[in-house]
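**Q** fold the following, please.
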Amino acid sequence: MLDKTLGKQSTDKPSWHSFVQNLMEHSRDYIKGKEEHVLLCLCSFLADGHLLIEDAPGVGKTTFVKYFAKAFNLLLSRIQFTNDLLPSDIIGANVYSKENENFKFLKGPIFGEIILADELNRASPKTQSALLQAMEEKKVSVEGKDYSLPEIFFVVATQNPHGQLGTYPLPESQIDRFMMKMTLGYLDKKSSMELFKGKDPNVLIEQMKPLIEKGQIASMKDEAMEVHCSDKLLDYIFRLLESSRQSSQYLPLSTRCGLDLVASSKAYAFLQGRDFVLPEDVKKLFPYVAGHRLVASQQSGWKKESALSHEILKNTDV
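**A** Below you'll find the predicted structure:
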């Protein structure tokens, strides 16, 4: 249940830490065995980033995103990426109106608050590129005119493991726009048994009530970004980036990666109920923020990405 303090209109700051604890407890009824993944998703959301989920079909990626959208009372726009999808199918297009004798822009599904880009790597690179401007600038340009996206704009893309038939590797420019990447993995026996015995999670999610008012999200994000990150930790983050740039074993980490690591570390500390970042926060998130950007071959998968991340962490002192 939502913490009662969040439902009141008052000048007092809401008990966000209490809300997060309630959210984690609440999610167990709908998403089995994925509490840490819910926390990572929330971390990326509060830091104004985007999330990439790579996993085999049928492990609950879509259900996971649906729960998050419902819990935060946000408009979910689902785009099924296929090899025949066109950029205009995502962004929208100018359509001629005979009645008014002019062109009118019809918005595409990109104009949502949470965008579920399902099986992103099944679309061609040309179609994938339709997300680049939207993810970076929160707007799209059509025939020289800009159209702003909603104030809350969070892309959660899923992709099938590379090597499966009909998939295209994501270009580096696309990968770098995802703040974090994670994999859900298969459920353990206990969680699987609970799922088998229970009702369809998608039906339960449709019936659930939001846990937070949409107007409170901006306040929550602002407070998360007010968390203090010391100069010493900023120096540590810079040295992690530099470590990747001094070896041909890795792709060099971008400045955007450093900014994402700072923001996500602040969000993670906030979710732990702290107003300052610890080195452990940076170390915890580094594989999720940097792993997918380190590898030259997109055939690597999470295991190699994680291994490279931990190698950099091991070789860089705080």
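**Q** would you map the strands across the chain?
**A** Assigned by DSSP state E, the chain shows strands spanning 51-54, 76-80, 92-97, 102-107, 114-118, 139-142, 145-148, 154-159, 180-182.
**Q** S243 versus L51, what's the distance?
**A** As defined by C-beta to C-beta, to the nearest Å, L51 lies at a distance of 25 Å from S243. Quick note: C-beta positions are derived from backbone N, CA and C, even for glycine.
**Q** next one: L278
**A** Following C-beta to C-beta, the distance that separates L278 from S243 is 20 Å.
**Q** contacts only, for M193.
**A** M193 makes no contacts at all, as judged by C-beta atoms under 8 Å, 6 or more residues apart in numbering.
**Q** one more pass at 10 Å, please.
**A** Applying C-beta atoms under 10 Å, 6 or more residues apart in numbering to M193 gives the contacts 32, 187.
**Q** so for it, what's the pLDDT?
**A** Note on M193: pLDDT of 90.
**Q** same check on Q174?
**A** 88.
**Q** same check on Q249?
**A** According to the prediction, Q249 has pLDDT 81.
**Q** do V59 as well
**A** For V59, the model assigns a pLDDT of 81.
**Q** ramachandran coordinates for it?
**A** phi -100, psi 0 (degrees, to the nearest 10).
**Q** list the contacts of it.
**A** V59 neighbours (C-beta under 10 Å, 6+ apart): 34, 53, 158, 183-187.
**Q** show me where this protein has its helices.
**A** Applying DSSP state H to the chain gives helices spanning 16-27, 35-46, 61-71, 87-91, 125-128, 132-137, 172-175, 189-197, 201-207, 217-225, 231-245, 255-271, 279-294, 302-315.
**Q** the fifth one: which residues count as buried?
**A** Of the residues in helix 125-128, those buried under the neighbour-count criterion (16 or more other C-beta atoms under 10 Å) are 127-128.
**Q** re earlier: of L51 and S243, who's got more company?
**A** Ranked by neighbour count (other C-beta atoms under 10 Å), L51 and S243 place L51 first, with 23 against 17.
**Q** isn't that one up against V155?
**A** Yes. With contact defined as C-beta atoms under 10 Å, L51 counts as touching V155 (7.4 Å).
**Q** where do the contact lists of these two overlap?
**A** With C-beta under 10 Å, 6+ apart as the test, L51 and V155 both reach 44, 178-179.
**Q** would TSV of the residues you listed with pLDDT and distance to K107 be doable?
**A** Below are those laid out as TSV (pLDDT from 0 to 100; distance: C-beta to C-beta, whole Å):
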residue	pLDDT	distance to K107
S44	97	25
F178	96	24
M179	97	25
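**Q** using PyMOL, make a named selection holding only the buried ones among those residues.
**A** Selection of the buried residues among those in PyMOL, burial being defined by 16+ other C-beta under 10 Å:
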select buried, resi 44+178+179
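**Q** residues near L106, how many?
**A** So L106, with other C-beta under 10 Å, has 10 neighbours.
**Q** and it, what does it touch?
**A** 88, 92-95.
**Q** for stretch 239-257, buried residues please.
**A** For stretch 239-257, by 16+ other C-beta under 10 Å, it's 240-241, 243-244, 250-251, 253-254, 257.
**Q** where's the dip in pLDDT among those residues?
**A** In terms of pLDDT, the weakest of these is Y250, which scores 83.
**Q** tell me if I'm right that it and R293 touch.
**A** Yes. If you go by C-beta under 10 Å, Y250 and R293 touch, sitting 8.7 Å apart.
**Q** what touches both of the two?
**A** Common neighbours of Y250 and R293 are listed as 244, 308-309 (criterion: C-beta under 10 Å, 6+ apart).
**Q** of all those, which comes closest to V289?
**A** V289 has its nearest neighbour among the shared contacts of Y250 and R293 in S309, at 8.7 Å by C-beta to C-beta.
**Q** burial of the closest one, as a residue count?
**A** 25.
**Q** and for A157?
**A** For A157, using other C-beta under 10 Å, the count is 28.
**Q** beta partners of the residue most central in space within the chain?
**A** Nearest to the geometric centre of the chain sits L51, at 2.2 Å (C-alpha atoms, centre = their mean). Beta bridges link L51 to V156, M180, judged by DSSP bridges.
**Q** got the contact list for it?
**A** 37, 40-41, 43-45, 65, 68, 154-158, 178-182, 288.
**Q** and if you look at L184?
**A** 31, 33-34, 37, 53-56, 59-61, 63-64, 158.
**Q** how close does the closest residue to L187 other than its chain neighbours get to S15?
**A** Of all residues not flanking L187 in the chain, G33 sits nearest, at 5.2 Å (C-beta to C-beta, 6 or more residues apart in numbering). Using C-beta to C-beta, we find G33 at a distance of 27 Å from S15.
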